[in-house]
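> this one's sequence-less:
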């Protein structure tokens with residue numbers, strides 16, 4: 001991630017340096033929407049990609065690009081992530097028998113650079129343009145699972161003793177900062193329409209996207225700190241290995257998850273429309289667009 005963000009920064013510096021010697025400061029503005037398929041990398045379900053776990057979502061964005069070389073994009077995205085220990089390929093953790101689903105709501109600010117356009121000596125732009133992106137985002141989540149046919153939200157149950165004095169584990173928040181990195185390919189359908197395909201991976205500052213992080217706790221703590229109804233739910237959902245024949249339950253202190261931070265990612269298709277181009281002084285340019293890109 002650090003290497004990619006460094007590359008993006010260096011390319012942006014190159015754009016700024018080049019722009020200082022240009023008397024044709026043209027900015028392209030764009031609005032658009034996207035559809036996506038979202039997935040996650042968490043403790044539940046293992047570390048391999050499960051194609052069946054991709055879930056659909058969408059988003060909207062507004063962008064501005066300088067001379068088809070680099071720019072920024074403000075984007076709102078909604079999607080869903082899900083994972084299960086019962087999926088094929090998760091044999092080593094199947095006996096743990098956990099699963100989760102969460103809606104993801106995200107706002108992000110991304111820098112995007114088109115390396116071929118930055119270093120090209122030509123004044124025209126190709127119809128196809130690969131690009132890199134990196135930025136920062138703010139996202140919300142709320143893991144839940146099904147029990148007896150009903151959806152149960154997991155954070156209020158403190159399944160790993162978050163917030164209990166005996167564990168020393170703080171409550172986790174249902175929102176946080178992420179760091180998206182990725183890349184894509186842009187195609188100019190016309191002077192006004194842009195089609196793009198991209199993949200974006202988000203590094204998170206939490207390990208509780210799936211409500212799993214550390215070890216099992218003494219189930220008696222649920223009775224001590226939760227309401228009777230929530231204590232019953234917490235006992236059933238913190239350790240679901242009892243549902244596996246001959247597996248039984250886990251002892252307090254045994255491994256439930258890894259403290260490695262979680263992540264989620266998406267594959268996106270975007271369609272955008274370019275608005276009026278403007279000069280560096282903010283005035284609308286009278287010249288006709290020449291196959292400009294925007295992202």
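Cool, the structure landed. Quantities reported herein were computed from a predicted structural model and do not represent experimental measurements. Numbers count the residues shown, from 1 in each chain.
> List the buried residues in stretch 251-265.
Of the residues in stretch 251-265, 256-257, 262-265 count as buried by neighbour count, 16 or more other Cβ atoms under 10 Å. Any C-beta I mention is one placed from the backbone N, CA and C, and that applies to glycine too.
> Give me the neighbour count for the closest residue to residue 80 other than its chain neighbours.
Residue nearest to residue 80 in three dimensions, not counting chain neighbours: residue 55, with 4.1 Å by Cβ to Cβ, 6 or more residues apart in numbering. Taking other Cβ atoms under 10 Å as the neighbour definition, residue 55 ends up with a count of 18.
> Look up how far residue 214 lies from residue 73.
With distances defined as Cβ to Cβ, to the nearest Å, the gap from residue 73 to residue 214 amounts to 36 Å.
> Then residue 225?
Residue 225 sits 17 Å away from residue 214, taking Cβ to Cβ as the criterion.
> just residue 68 next, same as before
Relative to residue 214, residue 68 is positioned 48 Å away (Cβ to Cβ).
> One more: residue 80?
If you measure residue 80 against residue 214 using Cβ to Cβ, the figure is 25 Å.
> any idea how far stretch 145-163 is from the chain center?
Centroid separation between stretch 145-163 and its chain, computed with Cα atoms, centre = their mean, to the nearest Å, is 23 Å.
> ok, back up a step: so residue 225 and residue 214 - more neighbours on which side?
Neighbours were counted for residue 225 and for residue 214 using other Cβ under 10 Å; residue 214 has more, 19 against 15.
> nearest residue to the more buried one other than its sequence neighbours?
Distance criterion Cβ to Cβ, 6+ apart; nearest residue to residue 214, sequence neighbours excluded, is residue 160 at 5.5 Å.
> got it, and residue 32?
Distances taken as Cβ to Cβ, 6+ apart put residue 272 closest to residue 32, at 3.0 Å, once the chain neighbours are dropped.
> quick one: what helix or strand has that neighbour in it?
Of the helices and strands defined by DSSP states H and E, residue 272 is found in strand 263-274.
> Parallel or antiparallel, which strands does that strand pair with?
Partners of strand 263-274 in the sheet, by DSSP bridges, are strand 27-41 (antiparallel), strand 193-204 (antiparallel).
> Dump these into CSV; add mean neighbour count and mean pLDDT as well.
Conversion of the strands paired with strand 263-274 to CSV gives the following (neighbours: other Cβ atoms under 10 Å; pLDDT from 0 to 100):
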stretch, mean neighbour count, mean pLDDT
strand 27-41, 20, 96
strand 193-204, 19, 97
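> Sweet, I'm off.
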